[in-house]
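Chemist: missing the sequence, but the structure's below:
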């Protein structure tokens, strides 16, 4: 296990220190708090770079893509229904217009 300060972790991952501390408190990141020179310092515990962390990254990416795909499909189906309704409305308007003209 490798450990780095929460501040260094935030810099590496380009997120705020607040977000790192919040993730540590929620249990999303393994951490420990050590008192140094009268100050509490939060360290983030990192797994050694290997297959397990790479597998976790791939798993998160695929989950995110699947969630996005489901959201996109739902949104597209709603748009399709809306367009079909609009087409029906336009057809009715055209038919009424043609009937008035005697067409």
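Modeler: Cool, the structure landed. Everything numeric in this text was worked out from a predicted model, so none of it was measured.

Chemist: for the longest strand seen in the chain, packing partners?
Modeler: For the chain, the longest strand by residue count, based on DSSP state E, is strand 39-46. Contacts defined by 3 or more C-beta pairs under 8 Å, 6 or more residues apart in numbering; DSSP states H and E place strand 39-46 against strand 2-5, helix 6-13, helix 17-26, strand 31-36. No exception for glycine: its C-beta is placed from N, CA and C like everyone else's.

Chemist: In three-state terms, label residue 15 for me.
Modeler: What DSSP: H, G, I helix; E, B strand; the rest coil gives for residue 15 is coil.

Chemist: got a pLDDT number for it?
Modeler: Per-residue pLDDT puts residue 15 at 91.

Chemist: Tell me where the model's unsure across this protein.
Modeler: By pLDDT under 70, the low-scoring segments of the chain are 48-71, 103.

Chemist: neighbours around residue 42, how many?
Modeler: 18 (other C-beta atoms under 10 Å).

Chemist: Spit out the contact partners of residue 80.
Modeler: Residue 80 makes no contacts at all, as judged by C-beta atoms under 8 Å, 6 or more residues apart in numbering.

Chemist: what's the spacing between it and residue 6?
Modeler: Distance of residue 80 to residue 6, computed by C-beta to C-beta, to the nearest Å: 47 Å.

Chemist: Same question for residue 33.
Modeler: Relative to residue 6, and taking C-beta to C-beta, residue 33 is found at 10 Å.

Chemist: Please identify which of those two sits among more neighbours.
Modeler: When neighbours are counted by other C-beta under 10 Å, residue 33 and residue 6 differ, and residue 6 comes out ahead with 21 against 10.

Chemist: Surely residue 29 is in a helix?
Modeler: No: assessed with three-state DSSP, residue 29 is coil; it does not lie in a helix.

Chemist: which residues touch it?
Modeler: Listed by C-beta under 8 Å, 6+ apart, the contact set of residue 29 reads 9, 20, 23, 44-45.
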